[in-house]
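Q: Here is a sequence together with a model predicted from it:
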Amino acid sequence: MSLEVPSSPQGRCAVHPDLPAGGTCFRCGSFICADCATSVAGLEARLYCQACAARPDVNYLEALRQRYLGRRDEWAWVVGGVTVLLCVATAAALAQWGLRATRGSLFTLLPLVPVPVGVAFFLGQRWARHALLVTPLVMAVVADALVPDGRFLYFLCAIPGVLTGLHVHRDVRNQLFFRLPVSPGALKALWDQRYNNPMARQALRLGYSSLIMPLLAPFAVICGAVALRRVDPAATPPIGRGGQALAGLVLGLLGPLLWGVAVLPWLSDRLHS
């Protein structure tokens, strides 16, 4: 019995044995050819075989997309809740004062103007995302047509609504609810915001707060130390925010020191003067 020894020491692709391997999968280590080599958004420096690249723990941005795709976000519930409140408020106003064929009386129906947009937004109709931007201005125009005396006030009140609509329109999580295409960079930003070492962000908040309330300093130090231990850029997905964790820890240490060296002596001098 004889063994066949390959004539070339070069490895062969695990999926396509007739093709030479150009490298190995970062996760499982199997040989991969150029056709099988797959990069993952957010992990561009690494190459995976197609099976590993499809795993949720590796392709974490695509897993994040699928997790939120078509699911209502916080803004959908806020818009839906405000829509219900507007309907209730209008019904209460009509029950209290009634409705007469005058412009002043028709002003009571003004809160019903954004209701169709709010309902469509809650149901995930894409046109409602754009309509939400102009709805405050439409309400201001209608209000001005009914009661012209407060034109400046109407449009002044519309500005916060327009700014909020712009914020909602650009929100990545809201775009996923409407099943819109989202770039890997935007998904990476969403993942960083919600899942990338949240303890580090908490440590930074507690660190800033400890400058005003030194009793929070131990919590800032603990959160900062834990977050620093979790930092692992080589992990999949990578865990970062080391700078925020370190800043929270340092601020947690500086907070009591600042109070002990500067604030408390100053207060003591002021009280005894």
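A: Nice, thanks for sending it over.
Q: For the top helix by length along the chain, give me every contacting residue.
A: Ranked by residue count, the top helix of the chain under DSSP state H comes out as helix 74-97. With CB atoms under 8 Å, 6 or more residues apart in numbering as the test, helix 74-97 has contacts from 105, 108-109, 111-112, 114-115, 118-119, 121-122, 124, 132, 168, 171, 173-174, 177. In short, each C-beta sits where N, CA and C put it, glycine included.
Q: swap in stretch 194-211?
A: By CB under 8 Å, 6+ apart, stretch 194-211 touches 64, 216-217, 219-220, 223-224, 226-228, 230-231, 237-242, 244-245, 247-252, 254-256, 258.
Q: same check, this time on stretch 58-72
A: With contact meaning CB under 8 Å, 6+ apart, stretch 58-72 is reached by 27, 40-43, 48, 52-53, 56-57, 122, 124, 173, 176-177, 179, 182, 184, 187-188, 190-191, 195, 236-237.
Q: Helices of the stretch 101-250 of the chain, start to end?
A: 103-106, 115-122, 127-146, 151-170, 172-177, 184-194, 198-210, 217-230, 242-258 (DSSP state H, counting those that start in this stretch).
Q: per-stretch mean pLDDT over these, give me the minimum one.
A: Among these, helix 103-106 carries the lowest mean pLDDT, at a mean of 68.
Q: neighbours of Tyr60, just the number please.
A: Tyr60 is flanked by 21 other residues according to other CB atoms under 10 Å.
Q: Quick check on the contacts of helix 74-97: which are buried?
A: 108, 111, 114-115, 118-119, 121-122, 132, 168, 171, 173-174, 177 (16 or more other CB atoms under 10 Å).
Q: Make CSV out of those residues and add distance to Pro160.
A: Formatted as CSV, these follow (distance: CB to CB, whole Å):
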residue, distance to Pro160
Thr108, 22
Pro111, 16
Pro114, 14
Val115, 19
Gly118, 16
Val119, 22
Phe121, 17
Phe122, 21
Leu132, 13
Val168, 12
Asp171, 16
Arg173, 21
Asn174, 18
Phe177, 22
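Q: Select, from those, the two members most distant in space.
A: Thr108 and Arg173 (35.2 Å; CB to CB).
Q: Point out where the stretch 1-150 of the chain drops to low pLDDT.
A: 1-10, 42, 44-45, 99-105 (pLDDT under 70).
Q: Surely Leu110 and Ala140 touch.
A: No - contact criterion CB atoms under 8 Å: Leu110 and Ala140 do not qualify, at 9.9 Å.
Q: Which one of these two is surrounded by more residues?
A: Ala140 (23 against 18).
Q: so who does the more buried one touch?
A: Contacts of Ala140 by CB under 8 Å, 6+ apart are 154-155, 157-158.
Q: Serialize the residues you listed to TSV and add fields for distance to Trp75.
A: Below are the contacts of Ala140 laid out as TSV (distance: CB to CB, whole Å):
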residue	distance to Trp75
Tyr154	24
Phe155	24
Cys157	20
Ala158	19
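Q: Tally up the residues packed near Gly242, please.
A: Counted with other CB under 10 Å, Gly242 comes out at 16.
Q: That one: what's its closest spatial neighbour, skipping adjacent residues?
A: Val231 (4.3 Å; CB to CB, 6 or more residues apart in numbering).
Q: Pull up the gap between the one you found and Pro148, please.
A: Using CB to CB, to the nearest Å, one obtains 60 Å as the distance from Val231 to Pro148.
Q: out of these two, which sits in the more crowded spot?
A: With neighbours defined as other CB under 10 Å, Val231 and Pro148 compare such that Val231 has more, 18 against 10.
Q: thought the more buried one was touching Gln244?
A: No - proximity of Val231 to Gln244 does not meet the contact threshold set by CB under 8 Å, at 9.9 Å.
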